[in-house]
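Participant: coords please:
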Amino acid sequence: MMTCERIEELLSAYLEGDLAAAEKAEVEAHLAGCAECSGLAALMREALAAAAAFPEVEPSPQLLAGLYAIPEARRAKKRLLQPLFDWLGRPALQPVYAAATGLLIVLSFVLFHPEGRGIRKAIDVQFHRGVGTVEKLYADAGGLKGEIKAVSANVVKSFNTLGLLKGDEKKQ
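Facilitator: Sure, this is the predicted structure:
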């Protein structure tokens, strides 16, 4: 035996004739024994009859043309603006966005922190240490340049002696 809740779910399909024979028989049996559900079915039949009595109205061609033009206008507007902002959504730019976000967070912390002067001083010291280290490495690399030329000549001679170089490399 079906419950009233289940009948309420199936009532629209029953009134439209969309139920299988077994379900239709169960609904009819329940409606015969339940005054509340049969009253609901009667109300729904009246509503369906009233809806069927409404005249069918054809929309005007102007209304249809206007309705069909709405999506096309949106597509045209989207096509017009899409090239301007299309590059923003490219996956290749996600690391750039992440780096920019991190930089903005650090920058806002440095600029707006109450003890920002101390932070800026510490950053300045670290920056100058880094610049000093880079300058030292660059100076050392300049000194190594002459040594590398002398060593490379010896390496080429050794390779020639061992017969490891073939062709034009033996001219050194």
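
Participant: from memory L31 sits against E8, does it?
Facilitator: No: under the criterion of C-beta atoms under 8 Å, L31 makes no contact with E8, lying 11.5 Å away. C-beta: built from backbone N, CA, C; applies to glycine.

Participant: so what sits against both of those two?
Facilitator: C37 (C-beta atoms under 8 Å, 6 or more residues apart in numbering).

Participant: Have a look at these two and say which one is more surrounded.
Facilitator: L31 (20 against 14; other C-beta atoms under 10 Å).

Participant: what about the nearest residue to L48 once chain neighbours are set aside, which SS state?
Facilitator: Take L48 and drop its neighbours on the chain: the residue closest to it by C-beta to C-beta, 6 or more residues apart in numbering is L15, 6.2 Å away. Secondary structure state of L15, per DSSP: H, G, I helix; E, B strand; the rest coil, is helix.

Participant: Tell me how far L15 lies from A53.
Facilitator: Taking C-beta to C-beta, to the nearest Å as the measure, L15 falls 16 Å from A53.

Participant: Between these two, which has more neighbouring residues?
Facilitator: Neighbours per residue, other C-beta under 10 Å: of L15 and A53, the larger number sits with L15, 15 against 7.

Participant: residues contacting the more buried one?
Facilitator: Residues in contact with L15, defined by C-beta under 8 Å, 6+ apart, are 41, 44-45, 48.

Participant: quick one, what contacts F54?
Facilitator: Counting by C-beta under 8 Å, 6+ apart, F54 has no contacts.

Participant: which other helices and strands contact the biggest helix by length in the chain?
Facilitator: Under DSSP state H, the helix in the chain containing the largest number of residues is helix 116-162. On a contact count with 3 or more C-beta pairs under 8 Å, 6 or more residues apart in numbering; DSSP states H and E, helix 116-162 meets helix 94-112.

Participant: On the pLDDT front, check the spatially most central residue of the chain for me.
Facilitator: Centroid check for the chain by C-alpha atoms, centre = their mean gives G89 as the closest residue, at 8.1 Å. Per-residue confidence (pLDDT) for G89: 76.

Participant: which parts of the host helix or strand of E5 are buried?
Facilitator: Here E5, judged by DSSP states H and E, is contained in helix 4-16. Neighbour counts over helix 4-16 (16 or more other C-beta atoms under 10 Å) mark 7, 10-11, 14 as buried.

Participant: Can you add pLDDT and distance to A22 and give the residues you listed back as CSV?
Facilitator: Converted to CSV, the buried residues of helix 4-16 look like this (pLDDT from 0 to 100; distance: C-beta to C-beta, whole Å):
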residue, pLDDT, distance to A22
I7, 89, 14
L10, 91, 12
L11, 91, 16
Y14, 92, 12
